[in-house]
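>>> Need coordinates for the following:
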Amino acid sequence: MMRLVVVSNRVTMPERGEKVAAGGLAVALRSALEQHGGLWFGWSGATSAEPSSRVEPVRLGKVSYAVVDLSEAERQSYYLGFSNRALWPLMHYRLGLTEFNRSDYAGYLAVNRRFARLLLPLLKPDDVIWIHDYHLIPLAAELRRRGVTNRIGYFHHIPWPSAEVFGALPFSATLISTMTAYDLVGMQTQVDADNLIGGLVALRGARREGDRVRAGPRSTVVQAFPIGIDVEAFRKLAAASVRAVTQPIRATTGPLGGRKLVIGVDRLDYSKGIVQRLEAFGQFLRSHPEHRGNVGLLQIAPPSRSDVPEYAELDRQSDEVAGRLNAALGEFDWTPIRVVKKAYSRSALAGFYRRAQVGLVTPMRDGMNLVAKEYVAAQNPEDPGVLVLSRFAGAAHQLGEALIVNPYDTHEVAEAIRTALAMPKSERVRRFERLYATIASSDIGWWTSRYLAALSGAGAAESAVPPPGTPKPASGARKPAVRQSVRSRPAAEKPAAKGGAKPAGAASGAGFGKKRSDFRQPARAKPLPNAPSPR
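Have a look, this model is predicted:
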């Protein structure tokens, strides 16, 4: 059996006591590694005076972990500099925030070269290598220069911009050409895949052959593999929150009393549209004063990258906007907006989602946005809330039964909030069932096994994207009868089936050797129309 080698910017090592979010990407990757046996390589998250010159893997069960420290200069140039002040804003279409520094770019390339040099002695001839995200774009090219001929795949977790936008980056043609060192490149959406292929054609002179792009002697397949969540595990967390209300949920939602709750959950990042979301909620209250005193917005926004100036400014700006709106619209016994800048456990977040009548997920640009899928998974099937979703989130390509909005239009978002709060229960249930069917049919296990099958050459690459609305009943759910409308309604309060849920990454027992027919998806389900937002 082929061994899997995962490479990511950060590696979470269990013995270090680092918390890994249940159902998150780290859990899925660890599960895939345990299933196949493998190695996880990347930055330790720590800095040291002397950069690592060699790596000694630590084996825990079937998985070996190999971590590398960075010097402080490398952290500044590779991570804070080029990765997060050049690539991150560029790929989120924020050219005005993109700062290119040649020394940062040199540091970014140097760290990728050092990672390739340290990884090389750890590789075996039959290894399949899976590299993750924008920090490590040139890594495959560095490995190829050192004679590595293994299958190498890459997954890009954030958006990929059009050729015109990416081309604004100095040395863009050089950087994008390194993508042709991969055998398979996975993107969140077909738009992202087309943008990358278009960039290779425009900037590198590559030839497009369907979803394959050829530059010189090599050809690379570029496809969409929309990432999912562990739907069943998150559903169970939300159901458990009803029976055992935790202290954070009591403390945070208790003051609401019987009032309705609108929730937003985002890392404090300018791509998430938090300030615009606060303004839209203020517009909603001004346009519909009958809701004042009856509904509140809870925005959970744990800080990130606080040593990057743009993030510190966003922190200040969100406080200013929330304070201004609360002063103008609040009452002595009601604060319309609460911004909580701390991280919560996944079980607490599941409880918040379950309590909220509206999930407000309005990033200005996002690769996928798993908060949207978590909100759906957490809902009570008998009385679900409504998802309001940005058209610029990758999730909007799958979750068409949400209320899809333009996050730049505060009036449109405000009216979508009103529509969501006024939506009849029958319509809420109908939309929820379609949304749940979609996220269950393309969960984290499907994503992991589907990508690895395509990377190893065992899967049908041409059917990578599952159709929206494809049903996959949750544990204990009633299966739809033939010719019925699609229903995948979770039995949220029923006990788990004996033996528990399958681990993420092991859905359907899929491995590298699955045959082509195992990964075909059922025929496309007819989506329900979006209810138009009233003007």
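
>>> so what's the nearest residue to residue 376 once chain neighbours are set aside up against?
Leaving aside its chain neighbours, residue 376 sits nearest to residue 435 (4.6 Å; criterion: CB to CB, 6 or more residues apart in numbering). Yep, even glycine has a C-beta here, placed from its N, CA and C like the rest. For residue 435, the contacting residues are 376, 387, 399, 401-402, by CB atoms under 8 Å, 6 or more residues apart in numbering.

>>> Turn those into TSV, including neighbour count and distance to residue 346.
As requested, these are exported to TSV (neighbours: other CB atoms under 10 Å; distance: CB to CB, whole Å):
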residue	neighbour count	distance to residue 346
376	30	15
387	25	18
399	26	20
401	27	24
402	27	21
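
>>> what's the spacing between residue 6 and residue 65?
10 Å (CB to CB, to the nearest Å).

>>> shared neighbours of these two, which are they?
39-40.

>>> from the contacts of residue 435, which is closest to residue 360?
residue 387 (8.6 Å; CB to CB).

>>> Would you check that the closest one makes contact with residue 400?
No: using CB atoms under 8 Å, residue 387 makes no contact with residue 400, being 10.8 Å away.

>>> Name the strands paired with the strand or helix carrying residue 299 and say parallel or antiparallel.
Element membership for residue 299, per DSSP states H and E: strand 295-300. Applying DSSP bridges, strand 295-300 is found paired with strand 260-265 (parallel), strand 337-340 (parallel).

>>> Only alpha carbons, please: show the strand or helix carrying the residue nearest to residue 376 as CSV.
In this assignment (DSSP H and E), residue 435 forms part of helix 425-441. Below are the C-alpha coordinates for helix 425-441, written out as CSV (Å, rounded to 0.1, in the frame of the first residue of the first chain):
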residue,chain,number,x,y,z
LYS,A,425,-41.5,27.3,9.2
SER,A,426,-42.5,25.1,6.3
GLU,A,427,-40.2,27.0,4.0
ARG,A,428,-37.4,26.9,6.6
VAL,A,429,-37.7,23.2,6.9
ARG,A,430,-37.7,22.7,3.1
ARG,A,431,-34.6,24.8,2.6
PHE,A,432,-32.8,23.1,5.5
GLU,A,433,-33.5,19.6,4.2
ARG,A,434,-32.0,20.5,0.8
LEU,A,435,-29.0,22.2,2.4
TYR,A,436,-28.4,19.3,4.8
ALA,A,437,-28.5,16.8,2.0
THR,A,438,-25.8,18.7,0.1
ILE,A,439,-23.4,19.0,3.0
ALA,A,440,-23.9,15.4,4.0
SER,A,441,-23.2,14.1,0.4
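
>>> Next SSE downstream of that helix?
Sequence order places helix 444-456 as the next helix or strand after helix 425-441, per DSSP H and E.

>>> Okay, angle between that following helix and helix 425-441 too, please.
40 degrees (axes from the mean of the first three to the mean of the last three CA atoms, to 10 degrees).

>>> counting contacts, what elements does helix 444-456 pack onto?
Judged by 3 or more CB pairs under 8 Å, 6 or more residues apart in numbering; DSSP states H and E, helix 444-456 is in contact with helix 25-36, strand 128-132, strand 151-155, strand 184-187.

>>> Which of these sits closest to residue 341?
helix 25-36 (23.1 Å).

>>> Only C-alpha atoms, please: export the helix or strand just after the closest one in PDB.
Moving toward the C-terminus from helix 25-36, the next helix or strand (DSSP H and E) is strand 38-47. Below are the C-alpha coordinates for strand 38-47, written out as PDB (Å, rounded to 0.1, in the frame of the first residue of the first chain):
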ATOM      1  CA  GLY A  38       2.200   8.100   6.600                       C
ATOM      2  CA  LEU A  39       4.200  11.200   7.500                       C
ATOM      3  CA  TRP A  40       3.000  14.700   8.300                       C
ATOM      4  CA  PHE A  41       5.700  17.400   7.700                       C
ATOM      5  CA  GLY A  42       5.600  21.200   8.300                       C
ATOM      6  CA  TRP A  43       6.400  24.100  10.500                       C
ATOM      7  CA  SER A  44       6.200  23.600  14.200                       C
ATOM      8  CA  GLY A  45       4.800  27.100  14.800                       C
ATOM      9  CA  ALA A  46       7.900  27.900  16.900                       C
ATOM     10  CA  THR A  47      11.000  30.000  16.100                       C
END
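
>>> Can you point out the buried residues in strand 38-47?
38-45, 47 (16 or more other CB atoms under 10 Å).

>>> Same question for stretch 111-129.
111-116, 118-119, 123, 127-129.

>>> Give the buried residues for the strand holding residue 299.
Here strand 295-300 shows 295-300 as buried, counting by 16+ other CB under 10 Å.

>>> Tell me the one of those nearest residue 340?
Among the buried residues of strand 295-300, and counting by CB to CB, the member closest to residue 340 is residue 300, at 5.1 Å.

>>> List the beta-bridge partners for that closest one.
residue 265, residue 340.

>>> okay, and the helix or strand of this protein with the least pLDDT?
Lowest on mean pLDDT, DSSP states H and E among the helices and strands of the chain sits helix 247-253, with a mean of 57.

>>> re the thing from before, okay if I get the buried residues of strand 295-300 as TSV plus distance to residue 166?
Below are the buried residues of strand 295-300 laid out as TSV (distance: CB to CB, whole Å):
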residue	distance to residue 166
295	41
296	41
297	35
298	36
299	31
300	32
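
>>> Nearest to residue 134 among the residues you listed?
residue 300 (25.1 Å).

>>> how distant is the longest helix anywhere in the chain from the center of its chain?
Identified as the longest helix of the chain according to DSSP state H is helix 309-329. Relative to its chain's centre, helix 309-329 lies at 25 Å (CA atoms, centre = their mean, to the nearest Å).

>>> Which positions within it qualify as buried?
310-311, 314-315, 318, 321-322, 325-326, 329.

>>> Could you do stretch 204-222 as well?
For stretch 204-222, a neighbour-count test (16+ other CB under 10 Å) marks 204, 206, 211, 213, 215, 220-222 as buried.

>>> ok, these vs residue 264, which is closest?
residue 222 (32.3 Å).

>>> Pull the number of nearby residues for residue 171.
12 (other CB atoms under 10 Å).

>>> just checking, residue 124 touches residue 3?
Yes: contact criterion CB under 8 Å: residue 124 and residue 3 qualify, at 6.1 Å.

>>> that older thread, switch the contacts of residue 435 over to a markdown table; also include secondary structure and distance to residue 360.
Shown next, in a markdown table, are the contacts of residue 435 (DSSP: H, G, I helix; E, B strand; the rest coil; distance: CB to CB, whole Å):
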| residue | secondary structure | distance to residue 360 |
| --- | --- | --- |
| 376 | helix | 13 |
| 387 | strand | 9 |
| 399 | coil | 14 |
| 401 | coil | 16 |
| 402 | coil | 11 |
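
>>> quick one: which two of the residues you listed are the most distant?
Largest pairwise distance in these, by CB to CB, is 9.2 Å, between 376 and 401.
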